[in-house]
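1. Sequence first, then the predicted structure, then my questions.
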Amino acid sequence: MSDGSGNARPVALIIEDDQDTVDLLEVVLTQAGFAVLSADNAADGIALAQEHRPVLATIDVTMPGMDGLEATRRIRDFSATYIVIISSRSQETDILAGFDAGADDYVPKPIRPVELRARLAAVARRPAVEGADGAQQQPPAAWAPAAEDTARSEFLRQVAAGAPVTADVADEEDAETGKDGREGMLEVGMRFVGGWVEFRGLRINPARGIVVVDDRLVDLPQDQVDLLEVLMYVGSRTLSARQLALRVRGETEETSTTPHRQDERWIAWLMDGLRAGIKDDGPRPRWFQVLPRDKYRLVQPASDDAPAQDDAGGA
């Protein structure tokens, strides 16, 4: 489709029966450079997908007649379009059902425009798909997202399913009590939504290196994103700087050649930058606590109303 200046724009398709949601999605997608089509039922949406071969399709789960999951399955039979499920249902079973139907991502209602753009950023890294005229369509290059890391995406899926997180480091003699992995993450109030981990308004998509704080995209250096990812997987445990450093580098005590003191300084420096970047460096930390003896942990539910222990004798 043309934008009026002779330049072809990639097509986005909205299948949604709520007009307010359609209006919001049209604004977000149009501003991102798409030509937008919409249908208020699944049957018409499938027909538009067959005719226009969109680069992107957003599909509401709950619609009269054929639901969005069935529409997703049918579109996936003939199209490689990037499908985003839009739903007011955000239970893990609902999310997994969306992925099983063939969706690429899952966005819960109410929709937050900034987060939606962050999630749709991966479209720009996908291969071109054919338009209705057989021409190759590319999403807007201006999005310039990070490429998805399939290994990290798969690791998150395993964690969300209950797989343990690297037992090697966790078995050190000075390991603190608590649980990491899925069980520990749920204990502190985390949620798994598609390829995202959400913790009290802090969201990270490890596979794409995207961090969102209260609907605000945060640009962090990769080593800080890596530390943030590790800290999220820590769950309710308290780990030392050394343990965190080994996890960030994917090493064990046997394979590491870095001195303990050097790791302590490195993690302290990374943590200072990370907390400043996400604005968690005040006297009452919202997400991360720095404890004595160079140890770190997520803010625990029971300590939400307790005096902050931030930097008390720590790094």
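-> All right, it came through fine.

2. what's the distance between Asn205 and Arg53?
-> 27 Å (Cβ to Cβ, to the nearest Å). (Glycine included, C-beta is placed from N, CA and C.)

3. same deal with Met271?
-> Counting by Cβ to Cβ, the gap from Met271 to Arg53 is 47 Å.

4. where exactly do the helices run in this protein?
-> Taking DSSP state H as the criterion, the chain contains helices spanning 19-31, 42-52, 68-78, 92-101, 113-120, 150-160, 167-170, 181-187, 222-234, 241-249, 260-277.

5. low-confidence ranges in the protein?
-> Within the chain, the stretches with pLDDT under 70 are 1-7, 90-92, 118-148, 166-176, 302-315.

6. Break it down into its structural domains.
-> The record's domain parsing of the chain by automatic domain parsing lists 11-143, 150-303.

7. how about the helices of the chain, which one is nearest Val212?
-> Nearest of the helices of the chain to Val212, taken as Cβ to Cβ: helix 113-120 at 5.4 Å.

8. Burial check on the closest residue to Leu274 other than its chain neighbours, number of neighbours?
-> Spatial nearest neighbour of Leu274, excluding adjacent residues (Cβ to Cβ, 6 or more residues apart in numbering): Gln224 at 4.4 Å. Look at Gln224: counted by other Cβ atoms under 10 Å, it has 22 neighbours.

9. what sits against Gln224?
-> Contacts for Gln224 were tallied using Cβ atoms under 8 Å, 6 or more residues apart in numbering; they are 270, 273-274, 277.

10. swap the cut-off to 6 Å and go again
-> Counting by Cβ atoms under 6 Å, 6 or more residues apart in numbering, Gln224 makes contact with 270, 273-274.

11. out of those, who's nearest Val213?
-> Minimum distance to Val213 across those is 11.3 Å, recorded for Leu274 (Cβ to Cβ).

12. and the gap between the closest one and Gly33?
-> Counting by Cβ to Cβ, the gap from Leu274 to Gly33 is 32 Å.

13. Settle it for me: which of these two has more neighbours?
-> It is Leu274, of Leu274 and Gly33, that has more neighbours when counted by other Cβ under 10 Å, with 25 against 17.

14. Next one: that one relative to Phe199, how far apart?
-> From Leu274 across to Phe199, the span is 14 Å (Cβ to Cβ).

15. Brilliant, that's me finished.
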